[in-house]
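K.L.:
next one to model:
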Amino acid sequence: MPKNIVLVGFMGVGKSSVGRVLARRLGYRFIDTDQAIEKITGLTVEMIFRRHGPIRFRSEETLLLQRLLGQSGLVISTGGGMLLKEENVRLLRQNGILIGLRAEPEIIIERVGNKKDRPLLKKNNVAENVHKLLKEREGVYDVAEFTVDTGLFSPEESVNEIIKYLREKGY
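P.N.:
Predicted coordinates for the structure are as follows:
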């Protein structure tokens, strides 16, 4: 049974764009956890945060991971805060290889600055909020066994780096 490839990292590092390319190249099914939660709940991530708060959203993430547990051959793009809950890390590791994606704060700010669907960013102070959240989450993404800096590579090049790593490790 092939292990799932789980992309982890802060918002705006390219988990969805790299994940789609990686899934296509590996012949795996791509799952964006935020999109899956939106489909299951019928609410956008922003609506869940606004109406029910972050605790409810984190619970939805855990429920989704429990549903995905028995599946394999997936590339899973996680929400930027999914690893804040230790149970989620444990669930992801059960049948997943955690691959980190990162980028410099300036690149993240450039990528997420115009997006309207980021409930943790106040639109009037995106840069300040990105820096604050990165500081709060320092070390959270260190659970990844391999990390690619997507600020240095295109999505295709990032995928090449990930596949090279997976082959070297015999996955």
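K.L.:
next one: stretch 137-157 to chain centre, how far?
P.N.:
A distance of 10 Å separates the C-alpha centroid of stretch 137-157 from that of its chain, computed with Cα atoms, centre = their mean, to the nearest Å.
K.L.:
now do stretch 71-81, average pLDDT.
P.N.:
When pLDDT is averaged along stretch 71-81, the result is 95.
K.L.:
quick check: buried residues in it?
P.N.:
Neighbour counts over stretch 71-81 (16 or more other Cβ atoms under 10 Å) mark 74-81 as buried. C-beta: built from backbone N, CA, C; applies to glycine.
K.L.:
could you do stretch 129-147 as well?
P.N.:
For stretch 129-147, by 16+ other Cβ under 10 Å, it's 129-130, 133-134, 140-141, 144, 147.
K.L.:
tell me where the chain has strands.
P.N.:
In the chain, the strands defined using DSSP state E lie at 4-8, 29-32, 74-77, 96-102, 146-149.
K.L.:
residue ranges with poor pLDDT in this protein?
P.N.:
1, 114-124 (pLDDT under 70).
K.L.:
contact partners for the residue nearest the centre of it?
P.N.:
By Cα atoms, centre = their mean, the chain has its centre lying nearest to Thr78, at 2.9 Å. For Thr78, the contact set (Cβ atoms under 8 Å, 6 or more residues apart in numbering) comprises 6-8, 15, 33, 61, 88, 92.
K.L.:
and for Arg58?
P.N.:
81-82, 84-85, 88.
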